[in-house]
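> based on what follows, work out the 3D shape:
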Amino acid sequence: MSIASNSASSNDDRLGVVVVAAGRSTRMGGTDKTFAQVHGVPLIAHTLRRLARSDAVARIVLVVADQSVDRSRRMVEELRIGKIQAVCAGGARRQDSVYAGLTALGRCRWVAVHDGARPGIADDVLARALDAVRRWGAAVAAVPVKDTIKVVGRGDVITDTPDRATLWAAQTPQVFDYDMLLEAHRAAAGEYTDDAAMAEAAGHTVRVFPGSYDNLKVTTPEDLAVVRQILAGDGLAGDTQPGADGKIP
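Alright, predicted model coming up:
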């Protein structure tokens, strides 16, 4: 279903974004994090609004669980969120959901895959994402790890302590040449935890660009409390007034 008229073409030099929100929220204690209320609106609405107001983004496809498609479409319409090209159902695995989103998005020059549960995505990170994909063709938002990491084996025995200077925590957006990522998905033989790993397995070089520590992924109920603090001064919470284009950016 197409929600917004799409003026962006396959030659647009901005990002087409696939927002993945089709997970089962298994670590949320029975709460569906996609629709968890944060300052009066669903968490996913904060993510979509931040993406939609960015000049780096041309259009957005939202991928949700099959049973949430109608609810998500109503939310987009009621909150008048801009740049939403389509809302579609995901699959059993994350990579199935991303592929469904790529198909619904249609061909574009650059594509970003972003977790719906990362509502703290900032405009400067999106600008860096666009710069990175224009330069390299495949890149991932990431931040240096702050803690010392231990590799633990059987019996809870520490088997290695990697050099922290070489360790980065991968985030989203993960950005790619659209055709490259689509081909990697079609050729994927195994199961991958993110699109960067899939691109790496297909033989592509993937680089990192600076993300943000505020760009955390809501995985547990405790994360919701942190996100509420991050979004407290956002200026978008509960705002249902349209902009000049009739949409909430």
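> the helices in this protein, which residues?
43-52, 69-79, 94-105, 123-136, 178-187, 195-201, 221-230 (DSSP state H).
> how about residue 69, nearest residue that isn't a chain neighbour?
residue 89 (5.3 Å; C-beta to C-beta, 6 or more residues apart in numbering). All C-beta spots, glycine's among them, are computed from the backbone N, C-alpha and C.
> and the helices of the chain, which is most packed in?
helix 43-52 (a mean of 25; mean count of other C-beta atoms under 10 Å).
> and that helix, what's its mean pLDDT?
Helix 43-52 shows a mean pLDDT of 97.
> tell me the helices and strands packed up against it.
Under the contact criterion of 3 or more C-beta pairs under 8 Å, 6 or more residues apart in numbering; DSSP states H and E, helix 43-52 touches strand 15-21, strand 57-64, helix 69-79, strand 110-115.
> need these in JSON lines (columns: mean pLDDT).
Shown next, in JSON lines, are the helices and strands packed on helix 43-52 (pLDDT from 0 to 100):
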{"stretch": "strand 15-21", "mean pLDDT": "97"}
{"stretch": "strand 57-64", "mean pLDDT": "98"}
{"stretch": "helix 69-79", "mean pLDDT": "97"}
{"stretch": "strand 110-115", "mean pLDDT": "98"}
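> in the protein, where's the longest strand?
strand 168-177 (DSSP state E).
> ok, and for that strand, which residues are buried?
169-177 (16 or more other C-beta atoms under 10 Å).
> quickly run through the sheet partners of it, with directions.
Note on strand 168-177: by DSSP bridges, its sheet partners are strand 110-115 (antiparallel), strand 138-144 (antiparallel).
> which residues of this protein score low on pLDDT?
Applying pLDDT under 70 to the chain flags the ranges 1-10, 24-31, 234-249.
> center of it - which residue?
residue 114 (1.2 Å; C-alpha atoms, centre = their mean).
> who does that residue bridge with?
Here residue 114 sits in beta bridges with residue 19, going by DSSP bridges.
> so it touches residue 51, yeah?
Yes: taking C-beta atoms under 8 Å as the definition, residue 114 is a contact partner of residue 51 at 6.9 Å.
> circling back: what angle separates the longest strand of the chain from strand 15-21?
With axes from the mean of the first three to the mean of the last three C-alpha atoms, to 10 degrees defining the directions, strand 168-177 sits at 130 degrees from strand 15-21.
> just the angle between strand 168-177 and helix 43-52, please?
Here the directions of strand 168-177 and helix 43-52 differ by 60 degrees (the same axes, to 10 degrees).
> need the CA coordinates for strand 168-177. PDB is fine.
Taking Å, rounded to 0.1, in the frame of the first residue of the first chain, the C-alpha atoms of strand 168-177 are listed here in PDB:
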ATOM      1  CA  TRP A 168      33.300  -1.000  17.700                       C
ATOM      2  CA  ALA A 169      29.600  -1.600  18.500                       C
ATOM      3  CA  ALA A 170      27.600  -1.800  15.200                       C
ATOM      4  CA  GLN A 171      24.400   0.200  15.000                       C
ATOM      5  CA  THR A 172      22.000   1.300  12.300                       C
ATOM      6  CA  PRO A 173      21.600   2.900   9.800                       C
ATOM      7  CA  GLN A 174      23.600   0.500   7.700                       C
ATOM      8  CA  VAL A 175      23.900   2.000   4.200                       C
ATOM      9  CA  PHE A 176      24.600   0.400   0.900                       C
ATOM     10  CA  ASP A 177      24.400   0.700  -2.900                       C
END
